[in-house]
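Visitor: Have a look at this prediction, sequence included:
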Amino acid sequence: MIAYTIRRLLMLIPVLIGMSIITFSIVHAIPGGPAQAILGERATPEAIAQLNEKMGLNDPLTIQYFRYVGNLLQGDFGTSLKTGRPIVEEMGPYLAATFELAFFAMAFAIFFGVNLGILSAWRHNSVIDYTGMIIALVGVSMPIFWLGLMEQWIFAQELGWLPSNGRIDPRMGFESITNFYFLDALLRGDFVALQEVLSHLLLPAIALGTIPLAIIARMTRSSMLEVMGSDYIRTARAKGVSEGIVVYKHALKNAFIPIVTVFGLQMGMLLGGAVLTETIFSWPGVGRYLYDAINARDYPVIQSGILVVATIFVLINLIVDLLYAYIDPRIHYGKE
Amino acid sequence: MKKQKCWMLSLAVLLVCSSVLVACGGGSGADHNGKTLIYGRGADSTMLDPSLVTDGESFIVTENVFNGLLGFEKDSMEVVPALAESWEESDDGKTWTFQLREGVKFHDGTDFNADAVVFNFERWAKQELLPTEKDAYIYYGSMFGGYEGDEGHIIESVTALDETTVQFKLKEPQGPFLANLAMSPFGLASPTAVKGDPKKFAENPVGTGPFKFESWKKGDTITVVKNEDYWEEGLPKLDKVIFQSIPDNSARLTALQSGDIDIMDGLNPDDSETVSANDQFQLYERPPMNVGYLAFNVEKEPFKDRKVRQALNHAVNKEGLIKSFYGGKAEPATNPMPPSIWGFNQDIEGYEYDLEKAKELLEEAGYKDGFEVEFHAMPAPRPYMPDGRKIAEYIQADFEKIGVKTKIVSPEWTTYLEETNQGKHDMALLGWTGDNGDPDNFLYVLLDKDNARKPANNIAFYKSDKLHDILIKAQRETDQDKRSELYQEAQEIINNDAPWVPLVYANPTLAAQSNVEGFTPHPKGSDKLKEVDIGQ
């Protein structure tokens, strides 16, 4: 297991190198080059030449690439053209906001998705099963933006139960410690804030989590059905093990492997869907950050943003692979 | 397996807890300390040092944190005293002496005096204390002809004569000089704070304005609080203002409807009726200081021919456009600048919508069977053009009736701007929002031959020597009446040459809760909130 983990970590290196080459090329492929991008289209040729010299843009590309990677390794992601601030500093709060949203969306998707799937499988071909699967079908075909707008319309505008935008009521003047508002509220023991944070999270998390929920439900159902028909389940039942334990302990354990794959893939998709959700719910996350950067042609931010998101994606995949090995003892990666 | 179960269980608990908490929450649990106003807008600020930015969203905040030497009247572009109480102009128009307000302090306690004024202007002119490599005091450069050492730089010196007197010496008289000084970018900053850390200053602005900067959550909110020592008696009325960015126009309206925000900027024209029909809300119209237009690229055939341009001017139904796409919140345009700017030529009636006349003119120009061109339509909504593509389609249909076939192209916004300012288009939709309420800011910027150099602001690439002479003469003149006459003449020339179809002067709309009092939308797009109050 440890050997496998190390091997998988080592395999990350070529992937990360590949990604850094791609993001490095983004800035170098723009017409006019980086200096032009930084100074704007009205820049004089002298100013461009000066900046090229200053930033070492006249050096061979390989040297520039190594300098870029060197900076990355030291945690220097460059400076935003728009705000003039270091990207690392800037991106932190945005990333935290996205993670918080993604975590709750995933928690929502997993909890309801898995249980819906189990319920459908358990009461196979019953009304519950059909209802469950219709919910899943509707969920998977629901465009995020539409769902988001509907939620806002019903729960924020018409009923006035939940807030429609942002992470917290700005009137509270909530000061963040970690940028994870949920955690901050807990750390402070501030239950009013906690309630505020959760009520702000609810609608966007549902919007973002619905598609993964549907997919997870369907995956769980089919995976469970397969397992539930197997001999050991029949044996367990014959032994008089309670139905709950049969389903949640014996069956779910083996049904879980394909489900974990889906978690992993969905987590990646979630980061994509976050751009839409963050726009609709004015959630100041990394999707919004990238979207604004693309609009402003803030190349260094686009570059680093993509690198960070891609790295997260790769890491999630790694975690999923490692989870397999952990969940299923039959998978012995250590030995060839 | 145990662990897994724990995990699932904790998730379940978490979700149940959250629903319970939310359910028992009901209304907002926020603590309302004093009067707080939330201003919802489309985007976050880029920086809070007004001299470094050009985007309207940044000025919306800095307008309330800084004061300039001069300012504008609260609902018009008339120049009024601010930190300068009075001023004198020398006979040759080159020396201006300002008497400063006494006893004013910056938010950090630094005294406001003549030295502070000199410090700010020297910082801009010498391009000093810039927070990063690429920054420049862009507006300073463009309003005062460049920086120290540049040939066109109009300010020769700024001197402190005594504690409360500042003297500007200009190389040439500059017509719009006072209006320029009143612009948002020239808000005066505390020298102590800037010298302390210029980088930090762009994030933590310190001025003399009615509100003090408190905090900035990127992409989300900027909070400013009441300046207790503000120099205008009894102002500001609010204790706190929070500027919240909600990018989507409909989401922002939802936030207003659910009471999350008090004022919203950028209401969709289509939604204005919903808002005005509801007693709970107030609808505001910002006096237009913009123009939306269709520019012909006069460097290309067939637009080199004036008759063709005039013909197409007759073929645009502006009233219809306004009804269909602006919810009635616009006026048909006749000139390249709106009537809110002094010097507007009332006598010009514009080309009436008359397809027969258009056909005749085309025939005279030798295009009896029409022609085919590309039509650039902007992809992003702008205050002066809520939906460029649909507007282009509307115009396209009329053009087709006189035999002019157009193919609408609509690249993404930045490419669009690049293509048009490089002259790649045949004709293109665009618009302009004024900066300082001076006619020069429209006519010279948008239609003078100086600005037809690529990348051009004059995207018609219209070059008229006659117009150029008038505009330059008007720039050098400081007597407003004389300038006004010159600009009237300029508008006649432009109308006759028809490099554009001036389409509309749009009134951007805003909405607010009914208990918001004293809010006056300003033509320049950024509002002072010092007189705003929240009633019961």
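Guide: Thanks, I have the structure now. These figures come from a predicted structure and were not determined experimentally.

Visitor: Low-confidence bits of chain A, can you list those?
Guide: Applying pLDDT under 70 to chain A picks out residues A:31-33, A:37-44, A:328-336.

Visitor: Swap in 90 and give it another go.
Guide: Low-confidence segments of chain A, defined by pLDDT under 90, are located at A:1-100, A:102-103, A:106-107, A:109-111, A:113-199, A:207-336.

Visitor: Can you list the buried residues in stretch B:471-479?
Guide: Residues B:L471, B:A474, B:Q475, B:E477, B:T478 are the ones in stretch B:471-479 that count as buried (16 or more other C-beta atoms under 10 Å in any protein chain shown). (C-beta placed from N, C-alpha, C; glycine too.)

Visitor: The last one contacts B:L170, doesn't it?
Guide: No: taking contact to mean C-beta atoms under 8 Å, the distance of 9.7 Å between B:T478 and B:L170 leaves them out of contact.

Visitor: Common neighbours of the two, please.
Guide: Common contacts of B:T478 and B:L170 (C-beta atoms under 8 Å, 6 or more residues apart in numbering or on different chains): B:G93, B:F177.

Visitor: Which secondary structure state does B:K304 sit in?
Guide: At B:K304, secondary structure determined by DSSP: H, G, I helix; E, B strand; the rest coil is coil.

Visitor: Quick check: closest non-adjacent residue to it.
Guide: Closest residue to B:K304 apart from its sequence neighbours, by C-beta to C-beta, 6 or more residues apart in numbering or on different chains: B:V298 at 6.0 Å.

Visitor: which residues touch residue 298?
Guide: I went with chain A, as the question did not name one. Contacts of A:D298 (C-beta under 8 Å, 6+ apart): A:S80, A:L81, A:K82, A:D292.

Visitor: think we crossed wires, I meant chain B
Guide: Counting by C-beta under 8 Å, 6+ apart, B:V298 makes contact with B:K304, B:R309, B:A460, B:F461, B:Y462, B:P499.

Visitor: Pretty sure B:N297 is one of the things the second one touches, is it not?
Guide: No: no contact is recorded between B:R309 and B:N297 when judged using C-beta under 8 Å, the distance being 10.5 Å.

Visitor: what is in contact with those two at once?
Guide: Contacts common to B:R309 and B:N297, judged by C-beta under 8 Å, 6+ apart, are B:F303.

Visitor: B:I348: how many residues sit nearby?
Guide: Neighbour count for B:I348, taken as other C-beta atoms under 10 Å in any protein chain shown: 16.

Visitor: So it: helix, strand or coil?
Guide: Of the three states, B:I348 takes coil under three-state DSSP.

Visitor: From B:K318, how far out is it?
Guide: Per C-beta to C-beta, to the nearest Å, B:I348 is found 14 Å from B:K318.

Visitor: Likewise for B:E122?
Guide: As for B:E122, its distance to B:K318 is 48 Å (criterion: C-beta to C-beta).

Visitor: Pull the most distant pair out of the contacts of A:D298.
Guide: Within those, A:L81 and A:D292 form the most distant pair, 11.9 Å apart (C-beta to C-beta).

Visitor: More neighbours: which of these two?
Guide: Ranked by neighbour count (other C-beta under 10 Å), A:L81 and A:D292 place A:L81 first, with 24 against 20.

Visitor: secondary structure class for that one?
Guide: In the three-state summary, A:L81 is assigned as coil, counting by three-state DSSP.

Visitor: pretty sure it contacts A:I302?
Guide: No: counting by C-beta under 8 Å, A:L81 stays clear of A:I302, with 10.0 Å between them.

Visitor: intersection of neighbour lists for the two?
Guide: In terms of C-beta under 8 Å, 6+ apart, A:L81 and A:I302 are not both contacted by any residue.

Visitor: Can I take it that B:T406 is in a strand?
Guide: Yes: assigned with three-state DSSP, B:T406 falls within a strand.

Visitor: Pull the contacting residues for it.
Guide: Shown in contact with B:T406 (C-beta under 8 Å, 6+ apart): B:E372, B:V373, B:E374, B:F375, B:A392, B:Q396, B:F399, B:E400, B:M427.

Visitor: if we can go back for a sec, the more surrounded of B:E122 and B:K318?
Guide: The neighbour comparison of B:E122 against B:K318 (other C-beta under 10 Å) goes to B:K318, with 22 against 14.

Visitor: what's the burial count for the nearest residue to the more buried one once chain neighbours are set aside?
Guide: Leaving aside its sequence neighbours, B:K318 sits nearest to B:P332 (C-beta to C-beta, 6+ apart; 3.8 Å). Using other C-beta under 10 Å, B:P332 has 17 other residues around it.

Visitor: doesn't B:I322 make contact with B:P332?
Guide: Yes: if you go by C-beta under 8 Å, B:P332 and B:I322 touch, sitting 6.5 Å apart.

Visitor: Quick check: neighbours shared by these two?
Guide: Common contact partners of B:P332 and B:I322 (C-beta under 8 Å, 6+ apart): B:V504.

Visitor: Show me where chain A has its helices.
Guide: Secondary structure of chain A (DSSP state H): helices located at A:2-29, A:33-39, A:45-54, A:61-73, A:87-122, A:127-140, A:144-151, A:181-188, A:191-228, A:231-238, A:243-245, A:252-280, A:286-295, A:299-327.

Visitor: In CSV: those helices, plus distance to B:A365.
Guide: Converted to CSV, the helices of chain A look like this (distance: least, C-beta to C-beta, whole Å):
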stretch, distance to B:A365
helix A:2-29, 44
helix A:33-39, 40
helix A:45-54, 41
helix A:61-73, 53
helix A:87-122, 55
helix A:127-140, 59
helix A:144-151, 48
helix A:181-188, 65
helix A:191-228, 56
helix A:231-238, 86
helix A:243-245, 86
helix A:252-280, 47
helix A:286-295, 41
helix A:299-327, 46
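
Visitor: Out of those helices, flag the one nearest B:G266.
Guide: It's helix A:252-280; of the helices of chain A, that one is closest to B:G266 (C-beta to C-beta) at 14.7 Å.

Visitor: Now do the same contact list for B:E63.
Guide: If you count contacts by C-beta under 8 Å, 6+ apart, B:E63 has them with B:P50, B:S184, B:G187, B:G209, B:S526, B:D527, B:K528.

Visitor: Around the nearest residue to the first one once chain neighbours are set aside, how many other residues sit close by?
Guide: By that I understand B:P50. Nearest non-adjacent residue to B:P50, counting by C-beta to C-beta, 6+ apart: B:T62, 3.9 Å away. B:T62: 26 surrounding residues under other C-beta under 10 Å.

Visitor: Toward the C-terminus, what is the element adjacent to the helix or strand harbouring B:T62?
Guide: Assigned by DSSP states H and E, B:T62 belongs to helix B:56-65. Scanning forward in sequence from helix B:56-65 by DSSP H and E, the next helix or strand is strand B:70-72.
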